[in-house]
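K.L.:
sequence first, predicted model second:
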Amino acid sequence: MKKSSLHAPKLAPSLDESVRCVHVTSYDRQQPIAQRIAVISEARRDLDNGEVRVGMLAMTINPADLLQINGGYGVQPKLPYTPGHEGVGIVLEAAPDVTHVSVGDLVLPLAPDGTWRDERVLSARQVTVVEGEVDILQCAMLSANPVTAWVLLHGLAELTSQNCLIQNAANSAVGQCVRQLAAAMGVRLINVVRRADAIDNQRLGDEHWIIDQDLSGTEFAEQVRRLAGGKPIPLALDAIAGQATSKLAASVSPGGKVVVYGLLSQQPSQVEPADLVFRGVSTHGFWLASWFADAQNRATAKTVIPSLLGLLARGDLRMSVAATYDLAAIGTALDHADQPRRDGKVLLTGAWLARLQQS
């Protein structure tokens, strides 16, 4: 596939033209979020060797961003800081010694933090060039939830069409990606949700649903075994923690893994000792930021992303968008993103998206 090269709008001749970015100034949740976050202006700086200037087109607001803004994330940057963990941009400028990235390339920044801004200056090694014809908004959501789903399905257990997989929070963003990737792999999937109206009427591959409102652990495990149809369940994906972990641990096959990748319940994970001792069930935590901290994993991610882009192109992977907001409307965007039962992701758009569309 060829690189997705776009017409790059010319940089304004003056380096004094304002470049907007979001700043978080306090972690105090007693203050309204509108008083703890602001859009400020910064001057551009010259590029050093090996760097590129990226005009951010669209950036995702993820639960991890909200958690970090409220002081509850695994890493809390020194204040003030610019939030944002993923997005997509266009290369506006490249240092003379950069050869594998060109002006006009559409890129995914894989550098940690700081995407909620009009422009980023990054090492050229920190961007992945997007190949082929793509949807910009879908690309903006590609490097967090789809990559998380891919790692959960490919990096933690051997899953084949002879296996069964179970996940809770199946209507979450990661859950939606897991559904689509499992369907592409031909793996039977059991989806757990809390409400009947959370069940997706569109069936993806060999998937089944459980509504877990007040099921006991025994009732839950019985439903899982029936839906598994005799297939082993080596892996369970837990986005909730608390008592949900115990139900999944009781449902996987002996020697199975429960991977806790979310903390929606804000409660400690619980597992019955009998499942640990007599059935050899193990529990593991997963955090994509820690996975990306390993250089080998970052290299793996650069091979995963083209695969995910291929799924996007074929229509086998797609994420819902609830709304888009210009960076200037960050307060309204955050309020929307924090709403329960929201239908899709809330995205921010940068100044270069409008300039690109007008050019």
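P.N.:
Everything's here; your move.
K.L.:
and the strands in the stretch 201-350 of the chain?
P.N.:
For the stretch 201-350 of the chain, applying DSSP state E, counting those that start in this stretch gives strands covering 207-211, 235-238, 257-260, 282-285, 321-326, 345-349.
K.L.:
most packed of these?
P.N.:
When you average the neighbours per residue for each of these (mean count of other Cβ atoms under 10 Å), strand 235-238 leads with a mean of 28. Using the backbone N, CA and C atoms, a C-beta is placed for each residue, glycine as well.
K.L.:
nearest to Ala64, out of the strands of the stretch 201-350 of the chain?
P.N.:
strand 345-349 (12.4 Å; Cβ to Cβ).
K.L.:
partners of the closest one, with directions?
P.N.:
strand 51-61 (antiparallel), strand 321-326 (parallel) (DSSP bridges).
K.L.:
can you pull the contacts of the closest residue to Phe286 other than its chain neighbours?
P.N.:
Counting by Cβ to Cβ, 6 or more residues apart in numbering, Phe286 lies nearest to Tyr261, which is 4.3 Å off, once chain neighbours are set aside. Counting by Cβ atoms under 8 Å, 6 or more residues apart in numbering, Tyr261 makes contact with 148, 152, 174, 237-239, 285-287.
K.L.:
now do the helices in the stretch 1-150 of the chain.
P.N.:
33-36, 63-69, 136-140, 145-154 (DSSP state H, counting those that start in this stretch).
K.L.:
same list (the ones you listed) but as JSON lines, adding mean pLDDT.
P.N.:
Below are these laid out as JSON lines (pLDDT from 0 to 100):
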{"stretch": "helix 33-36", "mean pLDDT": "87"}
{"stretch": "helix 63-69", "mean pLDDT": "91"}
{"stretch": "helix 136-140", "mean pLDDT": "94"}
{"stretch": "helix 145-154", "mean pLDDT": "93"}
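K.L.:
of all the ones you listed, which one is nearest Ala313?
P.N.:
So among the helices of the stretch 1-150 of the chain, helix 136-140 is nearest, using Cβ to Cβ, at 9.9 Å.
K.L.:
and Ala184, which of the strands of the stretch 201-350 of the chain is closest to it?
P.N.:
Counting by Cβ to Cβ, Ala184 lies closest to strand 207-211 out of these; the figure is 12.0 Å.
K.L.:
next, format the strands paired with strand 345-349 as CSV and append distance to Gln296 and mean pLDDT.
P.N.:
Formatted as CSV, those follow (distance: least, Cβ to Cβ, whole Å; pLDDT from 0 to 100):
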stretch, distance to Gln296, mean pLDDT
strand 51-61, 23, 96
strand 321-326, 32, 96
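K.L.:
can you redo the contacts of Tyr261 as TSV with distance to Leu137?
P.N.:
Listed next are the contacts of Tyr261 as TSV, based on distance: Cβ to Cβ, whole Å:
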residue	distance to Leu137
Thr148	18
Leu152	23
Val174	18
Leu237	25
Asp238	29
Ala239	23
Gly285	30
Phe286	26
Trp287	25
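K.L.:
not counting sequence-adjacent ones, nearest residue to Leu142?
P.N.:
Here the residue nearest Leu142, using Cβ to Cβ, 6+ apart, is Leu308, at 5.9 Å.
K.L.:
next: His100.
P.N.:
With sequence-adjacent residues excluded and distances taken as Cβ to Cβ, 6+ apart, His100 is closest to Ala124, at 6.8 Å.
K.L.:
show me what counts as buried in stretch 139-159.
P.N.:
By 16 or more other Cβ atoms under 10 Å, the buried positions in stretch 139-159 come out as 139-153, 156-157, 159.
K.L.:
which residues does the residue nearest to Ala58 when sequence neighbours are not counted contact?
P.N.:
The shortest distance from Ala58 to any non-neighbouring residue, by Cβ to Cβ, 6+ apart, is to Ala140 (3.8 Å). Going by Cβ under 8 Å, 6+ apart, Ala140 touches 57-60, 86-88, 347.
K.L.:
let's see it at 6 Å
P.N.:
58, 60, 87-88, 347 (Cβ atoms under 6 Å, 6 or more residues apart in numbering).
K.L.:
turn the residues you listed into JSON lines, columns for distance to Ala43.
P.N.:
Below are those laid out as JSON lines (distance: Cβ to Cβ, whole Å):
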{"residue": "Ala58", "distance to Ala43": "24"}
{"residue": "Thr60", "distance to Ala43": "26"}
{"residue": "Gly87", "distance to Ala43": "21"}
{"residue": "Val88", "distance to Ala43": "24"}
{"residue": "Leu347", "distance to Ala43": "26"}
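K.L.:
quick check, nearest of these to Thr218?
P.N.:
Thr60 (39.4 Å).
K.L.:
and the top helix by length along the chain, what's its mean pLDDT?
P.N.:
Taking DSSP state H as the criterion, the chain has its longest helix at helix 295-314. Taken as a whole, helix 295-314 has a mean pLDDT of 84.
K.L.:
any buried residues in it, and which?
P.N.:
Along helix 295-314, these residues count as buried under the neighbour rule (16+ other Cβ under 10 Å): 297, 300-301, 304-305, 308-309, 311-313.
K.L.:
that helix versus helix 145-154: what angle between them?
P.N.:
Angle between the axes of helix 295-314 and helix 145-154 is 110 degrees (criterion: axes from the mean of the first three to the mean of the last three Cα atoms, to 10 degrees).
K.L.:
noted, bye for now.
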